[in-house]
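1. sequence-free structure coming up:
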């Protein structure tokens, strides 16, 4: 869609700011409407531009001003993209004035501003909105010039004033014999009875002149109240109609030229840009403070060597190894496809249930514009599918080498057009055939009375006839095409509130947004009796099982005894690690993982934490760091390897000796498998006597001191076999 150039012309004269018996003044209503218009432009359009002209101001600032001409009219904003500065001016700087200006002159200034802006744009839509109560003196000498300029330029005119009524009807004529202004364009869809408002003769003449301008320029008239109601409604995001597919629908040898358009697509939540908190942001420059993201890759070694992107390749994990996969291999492996929309078969619509629909969008296929044969073919196919209650199963590739999709084409027949809607359906690998038992007829399932009560409640809560329109007809409530996403709308509300009030808290949910997440009051009141019956039929009662009281007591006693033992072991471990504690470690931030830079310090910080027991978790993370060090080793000192083995053995000696012994046997097996590369690690273990934990150090260990002495010199010994089955059972019982 082409961009829109909008000029808002606002009367700030004395009559606009006059109080109205406790109601907001006309100027306050106009400012609110303009503010909402600009908000919608900022949030939902990227190319629309807005200008602002005030008339009735104390000063005069416009390009047409001359002595005695176009006085007290100010162009406060040239036609440009709307921004936060314009919003702040509208909300904070527009105040009533004690001066008056001719609204015809203001229209000429606004039209001149609009025409000059259109000269530098490519085919824009032009719109002019005037807010005035016609209470200021005016001169109608140039009315014909204004009407001619509006019509010749194709400007859409909308005039918001008093007593135009919600149906656009004029007030009584100012004098007998005055021409009736019948035929004024209808305005909003809502019709309300309005009370008679007293007007001065000059004001009545101004109202009729505005009605003439709107009628002859094919414009629209609105009252202040109706204008505020209209712009208060949420706006749909306008997008350009762009085809996503242009090709042939292939049915055997028949080819039908079609164009595809994205009919429905999931809208994502607006993203927030990342700004630096270390610099002072420039409110006039959106790019100030933007953070540039740069990703680097490093080896997992002590130096954390940076790797250039040209020296990197993808890898597929295959067991403990990685299989290199170059970009050339990935390109050759990809399935080569051609753009197509090809019929596979026809099937009954009932064989494709609604829950099998998938994909993030729905594509609407139409005959190629201007091709009558294609239009006849698509129409015939859609009519046949509709009459036989069938769908077409097709293969869809929207561009060359794109992943093929299988989907169905459903007929979509309207009075204005005929189309085929494409919806993706799953392949066999996408289906999850979960089986769930039926509640009915099973023990603990609902009774027949409970089912009937739930059926009655569902019938009352049906949305299809829960809303009554102005004509008294029951209609559907919360229709998707009229229901906006409350999450997205609330984000817009919060962003606008924070922009206008930087230090304010997040505002509460607006009532217009809240109605989308609340049950309609009419619907809830209608189902009150059924809801009460549900409470009676489905009573929740806490039921205790007396048979488990004794077992629970015994379990509690056992758990309490085990907990005391664990606390005793933990206190001993903390005392053991107290020598590693210092003021620096105490002041350091809480460590939750063993890192690659200071693995020993991270490990000690985790296992000596007093708030929770992390011995097993930290030990497994440290063993992973040891394995990573061995895997990437290409030469050099291995002091960190010895330090990690020593600290792991020290802290697992008392409570987790099996964890250490299992890991050390696994590690030595890896080292012996590649002696040429890993011999320095074996030598370090032997030199520092870092062997298995024996049963002398921990009675739970199956290894004797002799086994541990021979461990590093020979293949790892197997754990001693049990003397008898009876002894093994006794040991298992003791462990339990």
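-> That came through, no problem. Note that the structure is predicted; figures quoted are calculated from it, not measured. Residues are numbered from 1 along each chain as shown.
2. where does the closest residue to residue 73 other than its chain neighbours sit relative to residue 426, distance-wise?
-> Spatial nearest neighbour of residue 73, chain neighbours left out: residue 55 (4.5 Å); criterion: CB to CB, 6 or more residues apart in numbering. C-beta coordinates here come from the backbone N, C-alpha and C atoms, glycine included. Going from residue 55 to residue 426 by CB to CB, to the nearest Å gives 63 Å.
3. Doesn't residue 148 lie inside a helix?
-> Yes - the assignment for residue 148 by DSSP: H, G, I helix; E, B strand; the rest coil puts it in a helix.
4. and residue 628, how many neighbours does it have?
-> Using other CB atoms under 10 Å, residue 628 is surrounded by 15 other residues.
5. The one 5 residues further on now?
-> Around residue 633 sit 15 other residues, with neighbours defined as other CB under 10 Å.
6. Same question for residue 656.
-> Neighbour count of residue 656, defined by other CB under 10 Å: 18.
7. quick one: contacts for it?
-> Contact analysis of residue 656 by CB atoms under 8 Å, 6 or more residues apart in numbering lists 615-616, 619.
8. which of those residues lies closest to residue 488?
-> Nearest to residue 488 among the contacts of residue 656 is residue 616, at 44.6 Å by CB to CB.
9. ok but that closest one is inside a strand, no?
-> No - secondary structure of residue 616 (three-state DSSP): helix, not part of a strand.
10. Hmm, residue 663 and it touching each other?
-> No - Residue 616 sits out of contact with residue 663 when judged by CB atoms under 8 Å, with a separation of 11.9 Å.
11. So between the two, which is more surrounded?
-> Taking other CB under 10 Å, residue 616 and residue 663 do not tie; residue 663 has more neighbours (20 against 13).
12. Pull up the gap between that one and residue 649, please.
-> For residue 663, the distance to residue 649 equals 10 Å [CB to CB].
13. repeat for residue 275
-> Distance check for residue 275 against residue 649: by CB to CB, it reads 49 Å.
14. Could you check which of the two has the larger neighbour count?
-> The neighbour count for residue 275 versus residue 649, taken as other CB under 10 Å, is higher for residue 649 (19 against 14).
15. Nearest residue to that one in space, please, no chain neighbours.
-> Spatial nearest neighbour of residue 649, excluding adjacent residues (CB to CB, 6+ apart): residue 660 at 5.7 Å.
16. Which secondary structure element of the protein has the lowest mean pLDDT?
-> With mean pLDDT, DSSP states H and E as the measure, the helix or strand of the chain carrying the lowest mean pLDDT is helix 725-735 (a mean of 43).
17. got the residue ranges for the helices in the stretch 301-450 of the chain?
-> In the stretch 301-450 of the chain, the helices defined using DSSP state H, counting those that start in this stretch lie at 327-333, 372-388, 448-460.
18. How many residues are close by the closest residue in space to residue 323 that isn't next to it in sequence?
-> Residue nearest to residue 323 in three dimensions, not counting chain neighbours: residue 316, with 4.6 Å by CB to CB, 6+ apart. Burial measure for residue 316: 9 neighbouring residues, criterion other CB under 10 Å.
19. Could you check how far the most centrally placed residue in the chain is from residue 490?
-> Nearest to the mean C-alpha position of the chain, by CA atoms, centre = their mean, lies residue 269 at 2.2 Å. With distances taken as CB to CB, residue 269 is found 10 Å from residue 490.
20. Please apply the same query to residue 32.
-> 20 Å.
21. How about residue 607?
-> Distance from residue 607 to residue 490, by CB to CB: 45 Å.
22. Settle it for me: which of the two has more neighbours?
-> residue 607 (26 against 19).
23. Isn't that one up against residue 620?
-> No - contact criterion CB under 8 Å: residue 607 and residue 620 do not qualify, at 11.7 Å.
24. and residue 31, how many neighbours?
-> Residue 31: 20 neighbours (other CB under 10 Å).
25. got it, and residue 612?
-> Using other CB under 10 Å, the number of residues around residue 612 comes to 8.
26. quick one: it and residue 653, what's the gap?
-> Taken as CB to CB, the span from residue 612 to residue 653 is 21 Å.
27. Over to residue 124?
-> Taking CB to CB, one finds residue 124 at 80 Å from residue 653.
28. Which one's more surrounded, these two?
-> For residue 124 and residue 653, the more surrounded residue by other CB under 10 Å is residue 124, and the numbers stand at 19 against 16.
29. Thought residue 1 was touching that one, still the case?
-> No - checked against CB under 8 Å, the pair residue 124 and residue 1 is beyond contact range at 10.5 Å.
30. Return the distance of residue 368 relative to residue 5.
-> 33 Å.
31. Neighbour count: these two, which is higher?
-> Using other CB under 10 Å as the criterion, residue 368 and residue 5 rank with residue 5 on top: 24 against 18.
32. so which helix or strand takes in that one?
-> Assigned by DSSP states H and E, residue 5 falls within strand 4-11.
33. Against which helices or strands is that strand packed?
-> With contacts taken as 3 or more CB pairs under 8 Å, 6 or more residues apart in numbering; DSSP states H and E, strand 4-11 sits against helix 26-44, strand 49-55, strand 73-80, helix 103-118, strand 125-131.
34. Any buried residues in the fourth one, and which?
-> Right, helix 103-118. If you call a residue buried by 16 or more other CB atoms under 10 Å, then helix 103-118 has these buried ones: 103-115, 117-118.
35. List the buried residues of stretch 339-358.
-> The neighbour-count check on stretch 339-358 (16+ other CB under 10 Å) flags 340-343, 352 as buried.
36. if we take the residues you listed, which one ends up nearest to residue 632?
-> Nearest to residue 632 among the buried residues of stretch 339-358, with distances taken as CB to CB, is residue 340, at 47.5 Å.
37. Write down the beta-bridge partners of the closest one, one by one.
-> For residue 340, the beta-bridge partners are residue 397 (DSSP bridges).
38. Touching, it and residue 397? I think so.
-> Yes - Residue 340 lies in contact with residue 397 (CB under 8 Å); the separation is 5.1 Å.
39. pLDDT score assigned to residue 428?
-> Turning to residue 428, the model gives it a pLDDT of 90.
40. How about residue 39?
-> At residue 39, the pLDDT value in this model is 87.
41. contacting residues for it?
-> 87, 492, 496.
42. now swap in residue 343 and tell me
-> For residue 343, the contact set (CB under 8 Å, 6+ apart) comprises 249-252, 392-394.
43. any idea what sits nearest it, other than its immediate chain neighbours?
-> Nearest non-adjacent residue to residue 343, counting by CB to CB, 6+ apart: residue 251, 4.6 Å away.
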